[in-house]
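Undergrad: I need the structure of the sequence given here:
(2 chains)
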Amino acid sequence: MSDVIIRAENLGKKYTIGHQAENGRYVALRDVVMQNVRTLWHTTRDIMRGKPIIQGDTLEEIWALKDVNFEIRRGEAVGIIGRNGAGKSTLLKILSRITEPSAGRVTIKGRVASLLEVGTGFHPELSGRENIYLNGAILGMTRSEIKRKFDEIVAFAEVEKFLDTPVKRYSSGMYVRLAFAVAAHLEPEILVVDEVLAVGDAAFRKKCLGKMQSVASKGRTVLFVSHNMAAIMALCPNSLLVDAGQIVATGRSQNVVQTYIDGFDRLSSGKSIRDRKDRSGDGSIRVIGLRFGTLANLEGGSWATGADSFVDIEYECVEKMLYRNLEIALGIKHLDQTPLLYLGTKVTNQDIESVTDKGTSRCVLPLLPLEPGRYSLSAELKQNGIIVDHIEAASFVDVVEGDFYGTGVIWPYGGFLCNYSWSHYGKNIA
Amino acid sequence: MMSTQSLSLPEPVTPISEQILILEPGRTDKHYWMDLWRYRELFLILAWRDVSVRYKQTIIGVLWAILRPFLTMVVFTVIFGRVAKLPSEGNAPYALMVFAAMLPWTLFSSSLSEASNSLVANTNLISKVYFPRMIVPSATVVTALVDFLISLVILVGLMTAYRYAPSWQILLLPLFTLLALLTSLGPSLWITALNVKYRDFRYIIPFVVQFGLYVSPVGFSSSVIPDQWRLLYSLNPMVGVIDGFRWCILGGESPIYWTGFALSLIVVVFFLWLGISQFRKMEKNFADLI
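TA: Got it, this is the predicted structure:
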């Protein structure tokens, strides 16, 4: 049972985009006319052949995937992780034959079914029953196969009563449940799944996870893309980490996920705040750096939900003289600049008494109550109520997923978490 | 609430067809036509979807399929037959002659316009699932075919009204129906593929359909074309199809001009070849372009 079922060799996918070149290359009218005629001819030819017309004079090739090599054995469940835009989806699209690779080759033994979206091809005017058949056929099931599993699908989706209602009248929860139920009953040799488990309510998600687990344990090969590290670790013993179109790590999911989390910082730190021009204030003291981490991983560069996280702010006096009562104020905001949290020395009565040259201050957030995502940070220094330096969106900070409650259950909901507890009252409660 | 029953494990898979699939740039799929056959159920179900959705939320529903060709037929009969006083085929009533052409023309034009937009209309499928893409445009043709079958009712009505008995040629009608479908399939495969990248092509279709109605012998008999132009006129593949339909329906009253018919056939085959080969060439990049 350990033979290779998918083998990718030097796999690459290229997209071409165009840039406008500098003008003024054509001097003579004749050259210009000739050039245009030639372009027109080529364009017409390309249109008729259905080739993409690329606007611009210089072309740039972008490799969404490059030199990707891997092997997947029969019956393995493999997680694919990576940041947005790393090339995960391109990889899945190639494996599921939606798009053609530009280089290299993939050898696949067996039938691939891909689940890149729940409810692909659902038609709002058709009833639930009809959509089960439609969606099933689109995903590659035969009619008899669907017929055989029909009751199971309906029971799984819990929509018995609405089978003959057009799905446009369904609630979004029902719609998603039905869509997932069809997909969950696919039985190909290789199943490719892209981030589809993040749907529905709690019980349903658990059910989906259970279903996926049973699929994986049944000797079927599963490729599973997700941003939910907990799900990846629960489902897949091994993972691939994709970054900038290449596979940068493979192996046990635990290790690969850690590599992924560790590498998160390269985007946010490293940018020199010192050189930023978009700042206000009198400039006598300047913010020159922001660093993030958790107490467990000081150099991590990112925060983790539920972890003791910190931000270091570095500042520097332009003239080396004594400044008293320096106030620091950091603002954590959503990327759309909606304010979330204010971290100020004033409110906790922790102003810097005095500074003459440089300094670093650390703000620790125990049990970080933020949900995973990227946040924007503004930084401000004030002296005696007067702004000396202010930078909007001075840096980004990535919050990676973490187990806030220590229960292993991760539940993205809105934005914040806090500690709470439940008690239960009533007659039949033990 | 969780029921453990619904979590029951699926039966073990038996790898029936352990076929090895190799994906490489520019590789032409050896099993293309076999694959197309394997996906025949998807073809049927997409066709069924298009048919069953077609008249949802309409009041007179299926009547539209009858009304459109019927009204056009009435207008053409009045204008070409009464006002312009063009001759009919032999002794056949003018209305019947027009309708015998309306049938294939409506089939052709609606399947052309439906199929040409089909890929773009199914963007979500193209970008999320693999299947031989040719299924999409060819499944939409079925919708036009169903409309065609419904409008045959009018033909029966007209023939009864004019007491016009069909002769043995009518048995060949299915053949010419197939020909009409193939005539539309060629260009629509090409155009729907081009339409994926250049949405300009969707504006071309209504144009072609509008022009074609007057350029093809729908409102008049193709025998009114001067003899020396007749062969050239047959370059329009619909001339062959329409002549064939009239020959089937009107029987001996409308003899086929065989040289022209052969030429029309050649044009049909050429377009079919062009459509299929171009479609297959572009097919692999649909998901990137759409």
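Undergrad: Residue B:242 and residue B:264, how far apart?
TA: Taking Cβ to Cβ, to the nearest Å as the measure, residue B:242 falls 9 Å from residue B:264. Heads up, the C-betas are built off the backbone N, CA and C, glycines and all.
Undergrad: So what's the gap between the longest helix seen in chain A and the chain middle?
TA: Across chain A, the longest stretch assigned as helix under DSSP state H is helix A:29-48. Relative to the chain's own centre, helix A:29-48 is displaced by 43 Å; criterion: Cα atoms, centre = their mean, to the nearest Å.
Undergrad: what do you get for stretch A:327-335?
TA: Mean C-alpha position of stretch A:327-335 versus that of the full chain (Cα atoms, centre = their mean) differs by 24 Å.
Undergrad: Just the buried positions in it, please.
TA: A:327, A:328, A:329, A:330, A:331, A:332, A:333 (16 or more other Cβ atoms under 10 Å in any protein chain shown).
Undergrad: With stretch B:137-153 instead?
TA: B:137-148, B:151.
Undergrad: any idea which of these is closest to residue A:116?
TA: Closest approach to residue A:116 among the buried residues of stretch B:137-153 (Cβ to Cβ): residue B:139, at 21.4 Å.
Undergrad: what residue ranges in the stretch 1-150 of chain B score low on pLDDT?
TA: Along the stretch 1-150 of chain B, segments meeting pLDDT under 70 span B:1-18, B:28-29.
Undergrad: can you pull out the strands in it?
TA: Ranges of strands in the stretch 1-150 of chain B, per DSSP state E, counting those that start in this stretch, are B:20-23.
Undergrad: got the residue ranges for the helices in it?
TA: B:32-38, B:40-54, B:63-76, B:94-121, B:123-128, B:135-161 (DSSP state H, counting those that start in this stretch).
Undergrad: so which of the ones you listed comes closest to residue B:217?
TA: Closest approach to residue B:217 among the helices of the stretch 1-150 of chain B (Cβ to Cβ): helix B:94-121, 6.4 Å.
Undergrad: list the helices and strands that closest one packs on?
TA: Applying 3 or more Cβ pairs under 8 Å, 6 or more residues apart in numbering or on different chains; DSSP states H and E, we find helix B:94-121 packed against helix B:63-76, helix B:135-161, helix B:173-197, helix B:201-215, helix B:237-250.
Undergrad: can you redo the ones you listed as a markdown table with distance to chain A?
TA: Converted to a markdown table, the helices and strands packed on helix B:94-121 look like this (distance: least, Cβ to the nearest Cβ, whole Å):
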| stretch | distance to chain A |
| --- | --- |
| helix B:63-76 | 16 |
| helix B:135-161 | 10 |
| helix B:173-197 | 5 |
| helix B:201-215 | 9 |
| helix B:237-250 | 20 |
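Undergrad: Comparing those, which comes out most buried?
TA: The highest mean neighbour count among these, using mean count of other Cβ atoms under 10 Å in any protein chain shown, belongs to helix B:237-250: a mean of 26.
Undergrad: Counting by contacts, list what it packs against.
TA: With contacts taken as 3+ Cβ pairs under 8 Å, 6+ apart, helix B:237-250 sits against helix B:94-121, helix B:173-197, helix B:258-283.
Undergrad: any idea of the mean pLDDT in it?
TA: For helix B:237-250, mean pLDDT is 91.
Undergrad: same thing with stretch A:140-152?
TA: Stretch A:140-152 shows an average pLDDT of 90 in the prediction.
Undergrad: just to revisit the earlier point, can you tell me which of the buried residues of stretch A:327-335 lies nearest to residue A:425?
TA: The nearest member of the buried residues of stretch A:327-335 to residue A:425, counting by Cβ to Cβ, is residue A:332 at 37.6 Å.
Undergrad: Doesn't the closest one belong to a helix?
TA: No - checked against DSSP: H, G, I helix; E, B strand; the rest coil, residue A:332 lies outside a helix; its state is strand.
Undergrad: Please name the bridge partners of it.
TA: Note on residue A:332: beta-bridge partners residue A:341, residue A:377, judged by DSSP bridges.
Undergrad: How much space separates it from residue A:298?
TA: Distance, residue A:332 to residue A:298, by Cβ to Cβ: 20 Å.
Undergrad: swap in residue B:252?
TA: From residue B:252 to residue A:298 the distance is 97 Å (Cβ to Cβ).
Undergrad: for stretch A:195-213, what is the average pLDDT?
TA: When pLDDT is averaged along stretch A:195-213, the result is 70.
Undergrad: will you turn the helices and strands packed on helix B:94-121 into JSON lines that also has distance to residue A:251?
TA: Formatted as JSON lines, the helices and strands packed on helix B:94-121 follow (distance: least, Cβ to Cβ, whole Å):
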{"stretch": "helix B:63-76", "distance to residue A:251": "61"}
{"stretch": "helix B:135-161", "distance to residue A:251": "40"}
{"stretch": "helix B:173-197", "distance to residue A:251": "40"}
{"stretch": "helix B:201-215", "distance to residue A:251": "49"}
{"stretch": "helix B:237-250", "distance to residue A:251": "61"}
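Undergrad: for those, which one sits closest to residue A:274?
TA: Smallest distance to residue A:274 across those (Cβ to Cβ): 47.0 Å, for helix B:173-197.
Undergrad: what's the offset of the closest one from the middle of its chain?
TA: Relative to its parent chain, helix B:173-197 has a centroid offset of 6 Å by Cα atoms, centre = their mean.
Undergrad: Summarise which helices and strands it is packed against.
TA: On a contact count with 3+ Cβ pairs under 8 Å, 6+ apart, helix B:173-197 meets helix B:94-121, helix B:135-161, helix B:201-215, helix B:237-250, helix B:258-283, helix B:286-289.
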